[in-house]
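*Asks:* Predicted structure and sequence below. I'll ask about it afterward.
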Amino acid sequence: MSPDPIGPVDASTRPRFADIATFARLPRLDQVERADIAVVGVPFDSGVSYRPGARFGPAHVREASRLLRPYNPAQDVHPFAVQQVVDAGDIAANPFDITEAVAAIEAAARDLTESGTRLVTIGGDHTIALPLLRVAAEREGCPVAVVHFDAHLDTWDTYFGAPVTHGTPFRRASEEGLIDQEASLHVGIRGPLYGKEDLRDDERLGFAIISSVELETEGLARAIERMHARLGDCPVYVSIDIDVLDPAHAPGTGTPEAGGLTSRELLAMLRALGEHRIVGADVVEVAPAYDHAQLTAVAASHVAYELISAMAR
């Protein structure tokens, strides 16, 4: 018989600001017998095309997560009591070699999920989604539906001739057969593109789009309906670039775009994913150097918390 899950440190008996930060003050992987969900950091940002600094994202989000509490009333679930959630530390990756780094991330994710553990990964830049998707699709034995929250498509081909960067992971994933091309979508897309062919390429690669403008004009409820319809009953991988939020809610990121989602809208859409089987998730592009008063880190910590809660349901 499996032991009861070990939850966070009790904030009523030990101050939140004490001790070394783990996500939500959860136990470390080496402190438990098993893990249903592992929160793992990937402090890697060598794939960025503009402002660097997301390599410091995992530590920043962990610090902000100290304020999270064990019961989620919005989803009516105790996410840390019904499943064993742990902090698995960080996956170290070579900051000078993207190919080597991607291979290291893939190998570490494969090891962490060997016994059925699902990952909620904190980046790091969006490059890390590619190795994580390779492992998720391998574990499922089939392509997975990707719901990708972002200001940007991230289905471009190359940057300076480099095929693997934070702007290309979903093109590579589509080309490798990792994503379900009938069930994947982007949410929150906005801002200028290089040309109309970006959208044509994106559709050909298997993505539908719920843009930030559409979310405003059609409303949140309609956006959630469209998301449900697109995902169907497929296994779902959730990838969240924190720049899907408007810079008013998440200034600490590398490629901010005006006109984004509010944190309330994003969290509502993540809660709706509790109806689907989530096989893994990532939260990326938190860059502390551009953050103010932990605004971005607080948003990202709540994003991860809602994902863990949805996975519990």
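*Replies:* On my side now, so go ahead.
*Asks:* Confirm that Asp243 sits in a strand.
*Replies:* No: residue state for Asp243 (DSSP: H, G, I helix; E, B strand; the rest coil) corresponds to helix; a strand is not indicated.
*Asks:* From Gly252, how far out is it?
*Replies:* Using CB to CB, to the nearest Å, Asp243 is found at 10 Å from Gly252. All C-beta spots, glycine's among them, are computed from the backbone N, C-alpha and C.
*Asks:* Okay, strands next: where are they in the stretch 101-250 of the chain?
*Replies:* For the stretch 101-250 of the chain, the strands defined by DSSP state E, counting those that start in this stretch cover 118-123, 145-149, 184-189, 207-211, 236-241.
*Asks:* what's the closest of the ones you listed to Tyr50?
*Replies:* When the strands of the stretch 101-250 of the chain are ranked by distance to Tyr50, counting by CB to CB, first place goes to strand 236-241 at 12.7 Å.
*Asks:* contacting residues around the nearest residue to Val298 once chain neighbours are set aside?
*Replies:* Setting aside the residues directly before and after it, Val298 is nearest to Ala64 in space (CB to CB, 6 or more residues apart in numbering), at 4.8 Å. Residues in contact with Ala64 (CB atoms under 8 Å, 6 or more residues apart in numbering) are 294, 297-298, 300-301.
*Asks:* okay, Ala64: pLDDT?
*Replies:* On pLDDT, Ala64 comes in at 98.
*Asks:* That one: helix or strand, and which one exactly?
*Replies:* Under the assignment given by DSSP states H and E, the secondary-structure element containing Ala64 is helix 57-64.
*Asks:* how about the CA coordinates for that helix, as CSV?
*Replies:* C-alpha atoms of helix 57-64 as CSV (Å, rounded to 0.1, in the frame of the first residue of the first chain):
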residue,chain,number,x,y,z
GLY,A,57,13.6,31.5,-13.9
PRO,A,58,13.3,28.3,-11.9
ALA,A,59,14.8,29.8,-8.7
HIS,A,60,12.7,33.0,-9.1
VAL,A,61,9.5,31.0,-9.5
ARG,A,62,10.3,28.8,-6.5
GLU,A,63,10.8,31.9,-4.3
ALA,A,64,7.4,33.3,-5.3
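*Asks:* tilt between the very next helix or strand once past that helix and strand 118-123?
*Replies:* Heading C-terminal from helix 57-64, the first helix or strand you meet, by DSSP H and E, is strand 85-90. Between strand 85-90 and strand 118-123, the angle formed by their directions is 50 degrees, by axes from the mean of the first three to the mean of the last three CA atoms, to 10 degrees.
*Asks:* Please identify the buried residues of strand 85-90?
*Replies:* For strand 85-90, a neighbour-count test (16 or more other CB atoms under 10 Å) marks 85-88, 90 as buried.
*Asks:* Also stretch 231-246?
*Replies:* For stretch 231-246, burial by neighbour count (16+ other CB under 10 Å) applies to 231, 234-246.
*Asks:* Stretch 64-83 too?
*Replies:* Applying a neighbour-count criterion of 16+ other CB under 10 Å, the buried positions in stretch 64-83 are 64-66, 68, 72, 75, 77-80, 83.
*Asks:* for stretch 29-49, same thing?
*Replies:* Taking 16+ other CB under 10 Å as the basis for neighbour counts, the residues of stretch 29-49 that come out buried are 29, 32, 35-49.
*Asks:* Averaged pLDDT, it. What do you get?
*Replies:* The average pLDDT within stretch 29-49 is 97.
*Asks:* ends of that stretch, how far apart?
*Replies:* The straight-line separation of the ends of stretch 29-49 (CA to CA, to the nearest Å) is 33 Å.
*Asks:* roughly how far out does that stretch sit from the chain middle?
*Replies:* When C-alpha coordinates are averaged (CA atoms, centre = their mean, to the nearest Å), stretch 29-49 and its chain have centres 11 Å apart.
*Asks:* Kindly report the same for stretch 226-240.
*Replies:* The offset between the C-alpha centroid of stretch 226-240 and the centroid of the whole chain comes to 14 Å, using CA atoms, centre = their mean.
*Asks:* Tabulate the CA atom coordinates of it in PDB.
*Replies:* The C-alpha atoms that make up stretch 226-240 are tabulated as PDB, following Å, rounded to 0.1, in the frame of the first residue of the first chain:
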ATOM      1  CA  ARG A 226     -13.100  26.100 -28.700                       C
ATOM      2  CA  MET A 227     -10.200  24.700 -26.700                       C
ATOM      3  CA  HIS A 228     -12.200  21.700 -25.400                       C
ATOM      4  CA  ALA A 229     -13.500  21.000 -28.900                       C
ATOM      5  CA  ARG A 230     -10.000  21.100 -30.400                       C
ATOM      6  CA  LEU A 231      -8.400  18.900 -27.700                       C
ATOM      7  CA  GLY A 232     -11.100  16.300 -27.700                       C
ATOM      8  CA  ASP A 233     -10.100  13.200 -25.700                       C
ATOM      9  CA  CYS A 234      -6.400  13.200 -26.700                       C
ATOM     10  CA  PRO A 235      -3.600  13.100 -24.200                       C
ATOM     11  CA  VAL A 236      -2.600  16.800 -23.700                       C
ATOM     12  CA  TYR A 237       0.700  18.500 -23.200                       C
ATOM     13  CA  VAL A 238       0.400  22.100 -21.900                       C
ATOM     14  CA  SER A 239       3.200  24.600 -22.800                       C
ATOM     15  CA  ILE A 240       3.000  28.100 -21.300                       C
END
